[in-house]
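Participant: My questions concern the predicted model and sequence given below.
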Amino acid sequence: MKRGKKGHRINFKPFMEEIPRKTMTEIENKSAKEYSDNLTKLGKEIYELQFNYKLIEKDTEQYWQRRISEFKKYSEKTIEYFTLAHKLMNLTDKENSGLFLLMISKLHQIGLKLIANMEEVKQNPSVMKSKDKQQSKWSKELREETIESNNECMNQEIKMNRFFRTFYEKNIRNKLE
């Protein structure tokens, strides 16, 4: 027994008896089920955003502004999805979940680079015209950087999806069924 202020005894025992006793596996399975359900919900939200990595040679500032805002929404949801996937992975395999966390960080960095490139393109949208023979070296480099960071971001996301799907099938699916 502990003594509170002014010497009153505080009895913690009744509270301990009321807490249901669950095994760690039951708690992990419940958490895994919740994470899995939330991942499904987030996956549907990402699908509904209908973001496409294909770059179109549009030369209007409005197009690039819309593309930037669409990508920001998509990127935010994707990072949220992969962070939740990381938490689910962390329940069963700390090593692979740590690797996945590094992948999330890389995806975030590439996404920020893509946003910065698209912001520059928005200021001078004509740089995305591949048929323009009069482009400066800067314009060509910006176009190439934008295409490269776009492809890098898409490939990183594909890699992460494969990694997580393989992990999920191998380590989690059977536990949830």
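Facilitator: Yep, that arrived. Numbering: from 1, shown residues only.
Participant: Tell me which helix or strand Leu102 sits in.
Facilitator: helix 94-123 (DSSP states H and E).
Participant: My error: substitute Ile46 in the last question.
Facilitator: Judged by DSSP H and E, Ile46 forms part of helix 24-49.
Participant: Same check on Lys58?
Facilitator: With DSSP H and E as the test, Lys58 turns up in no helix or strand.
Participant: re the thing from before, give me the helices and strands touching the helix holding Ile46, please.
Facilitator: helix 61-90, helix 173-176 (3 or more CB pairs under 8 Å, 6 or more residues apart in numbering; DSSP states H and E). In this view, the C-beta of every residue, glycine as well, is placed from N, C-alpha and C.
Participant: between the ones you listed, which one is nearest to Thr146?
Facilitator: Thr146 lies closest, by CB to CB, to one member of the helices and strands packed on helix 24-49: helix 61-90, at 9.9 Å.
Participant: so how far is the closest one from its chain's centroid?
Facilitator: 6 Å (CA atoms, centre = their mean, to the nearest Å).
Participant: for stretch 48-57, same thing?
Facilitator: Per CA atoms, centre = their mean, the centroid offset for stretch 48-57 relative to its chain is 17 Å.
Participant: What's the mean pLDDT across that stretch?
Facilitator: For stretch 48-57, mean pLDDT rounds to 89.
Participant: For it, give me every contacting residue.
Facilitator: Residues from elsewhere that reach stretch 48-57 (CB atoms under 8 Å, 6 or more residues apart in numbering): 63, 70-71, 73-74, 77, 128-130, 146-147, 150-151, 153-154.
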